[in-house]
Structures are given as C-alpha cells and as structure tokens.
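Novice: Fold the stuff below for me.
(2 chains)
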Amino acid sequence: AQSVTQLDSQVPVFEEAPVELRCNYSSSVSVYLFWYVQYPNQGLQLLLKYLSGSTLVKGINGFEAEFNKSQTSFHLRKPSVHISDTAEYFCAVSDLEAGGTSYGKLTFGQGTILTVHP
Amino acid sequence: GAGVSQSPSNKVTEKGKDVELRCDPISGHTALYWYRQRLGQGLEFLIYFQGNSAPDKSGLPSDRFSAERTGESVSTLTIQRTQQEDSAVYLCASSFMAGYTEAFFGQGTRLTVV
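Specialist: Numbering: from 1, shown residues only, chains lettered A, B, ... in the order given. Okay, here's the model as predicted:
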C-alpha cells in the first residue's frame, strides 16, 4: 500500500516570493510521482511528473520538483510566484507493484492551497 | 470530444434515491479512475479500471457504491440509497497507460443529497 502526505494544507505567500510545497510518500515498491494543479472552478491538470532519470524535473508555469529517494520526498518549488498561481496543488504517486490489481493506481495527497497575495 | 466527459455536471437527489454518474474517457485510454472530492478535502480514491484486468475496488466506501466499465469505454458509478454524506464532487480520469502517462480529468459531477 502507498500513501502521500502533503505537509501543509495552506500556504500563503506574497507575489514574487519563492514557494515550496512539500510532499512525502510511503511505498514498499518503486513509484512514479506527479504534481497536479486545480485552479478555482476548474478541473485538475498535470504540472509535472517524475518517472526516471534526473531527479530534478521541470513543469509548466515555471514550477519544478525534486525527487529525493532517501527522504521519500517530492517537493514542488517555484522561485517567484504570480497571483495567477493561486490554486490547489496535489501530489500523487502511482503504484508499480507488479501483478496486483492496483498496478498503475494513482493515490493523491490531501492537497495544498497556495494563495498568492499582491 | 477530445477530453474526459462526465455527466451530469450537477445532480441534486433526495436522500434514499439511487443515482448513476457517467464517465466517457478519452478514446484509447486503457486506465480509468473514479475519485471523490468532498468540500475542502483532497481526492479520495474510489475505484480503478485497467484494461481487462479485475478492477481495484478498494476505495469504495460501502456496498452502496458500485461501478462498471464496458471494455475500454464508458464507465458508470452507481450510488444506491444515497445519504447526505455522499454529497461531493465525483471526478473521473483516464490515462493511456496507467501510472506512466498523464491522467486527464473530467470536470466532475457535483452531487448534492438533500
């Protein structure tokens, strides 16, 4: 079984400041990792994903995330946020345990609401 | 259409009634997921279909909930004898190859049980 913990439910920040949204996961097998964003009154869309290779992945809108296997973390960062980044952000893992019915299943964290103030 | 389509977009039902929610995934996507999002909460996994494999039903909260998928196309989530705690947005997503590729989400069905 796998789980995802987003350590902050809400993160307020001023415009142009840097931000980090924290995500830790627990899994007994390898996982793939994702960050999704949900803008107000919209559906979820993919920000970025880590499948393999470089542990630093870049996504849309200037976001990036770093996979740290030893710390089982996948924190999301942006060096300078904009008002338009105000949204809810979800970290997710996919199950890679072969042979089970849950192979490929996506498990999400509870979400972090990022609010950017002028 | 090009995206995941869910219907209805909104549903108000009386407590005790049955409801049926529909999801049309993107053509060719083998994986289909259902999640529930209660107000102010995260995405709660309900059920996952992958191709012709047995679905992962481990997230269904009670035996009042069931889901079916016909081949690699339409899925229906049924809630019997609805309760007020079933009120939530029900989200469907599909992906071309489960876990490896991006999951595309529909706009959701907002269910209100009165």
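
Novice: Pull up the residues of chain A that are close to chain B.
Specialist: Within reach of chain B by CB under 8 Å from any CB of the partner chain, chain A has these residues: A:6, A:32, A:34, A:36, A:42-46, A:49, A:51, A:90, A:94-96, A:101-111. Placement of C-beta: from N, CA and C, glycine included.

Novice: mind showing which ranges of chain A have poor pLDDT?
Specialist: Low-confidence regions of chain A, defined by pLDDT under 70, span residues A:98-101.

Novice: Please enumerate the strands of it.
Specialist: With DSSP state E applied, chain A shows strands at A:3-6, A:10-14, A:19-21, A:23-26, A:31-38, A:44-50, A:56-58, A:64-68, A:73-78, A:87-95, A:106-108, A:112-117, listed in chain order.

Novice: May I see those strands arranged in TSV, with mean neighbour count as well?
Specialist: Putting the strands of chain A into TSV (neighbours: other CB atoms under 10 Å in any protein chain shown) gives the following:
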stretch	mean neighbour count
strand A:3-6	17
strand A:10-14	13
strand A:19-21	19
strand A:23-26	19
strand A:31-38	23
strand A:44-50	20
strand A:56-58	14
strand A:64-68	18
strand A:73-78	21
strand A:87-95	25
strand A:106-108	23
strand A:112-117	18
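
Novice: Tabulate these (a markdown table), appending distance to B:Thr13.
Specialist: Supplementary listing: these in a markdown table, determined by distance: least, CB to CB, whole Å:
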| stretch | distance to B:Thr13 |
| --- | --- |
| strand A:3-6 | 31 |
| strand A:10-14 | 32 |
| strand A:19-21 | 36 |
| strand A:23-26 | 36 |
| strand A:31-38 | 25 |
| strand A:44-50 | 25 |
| strand A:56-58 | 42 |
| strand A:64-68 | 40 |
| strand A:73-78 | 37 |
| strand A:87-95 | 27 |
| strand A:106-108 | 26 |
| strand A:112-117 | 29 |
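
Novice: Backbone dihedrals for residue 39, both of them.
Specialist: Just going to use chain A. Backbone geometry at A:Tyr39, expressed as degrees, to the nearest 10, gives phi -70, psi 160.

Novice: Now for it: which residues touch it?
Specialist: A:86-87 (CB atoms under 8 Å, 6 or more residues apart in numbering or on different chains).

Novice: Could you report the distance from the closest residue to chain A within chain B to A:Pro79?
Specialist: Distance from chain A to each residue of chain B (CB to the nearest CB) is smallest for B:Ala98, at 2.6 Å. Here the criterion is CB to CB, to the nearest Å. By it, B:Ala98 lies 33 Å from A:Pro79.

Novice: higher neighbour count, the two?
Specialist: Neighbours per residue, other CB atoms under 10 Å in any protein chain shown: of B:Ala98 and A:Pro79, the larger number sits with B:Ala98, 25 against 11.

Novice: per-residue pLDDT, the more buried one?
Specialist: The score at B:Ala98 is 73. That number is its pLDDT.

Novice: Assign a three-state SS to it, would you?
Specialist: Going by DSSP: H, G, I helix; E, B strand; the rest coil, the secondary structure assigned to B:Ala98 is coil.

Novice: Helices of chain B, start to end?
Specialist: In order along the chain, chain B carries no helices (DSSP state H).

Novice: Could I get the contacting residues of the residue most central in space within chain B?
Specialist: Compute the mean C-alpha point of chain B, and by CA atoms, centre = their mean the closest residue is B:Trp34, 3.3 Å away. By CB under 8 Å, 6+ apart, the contact list for B:Trp34 reads B:23, B:46-48, B:67, B:75, B:77, B:90-92.
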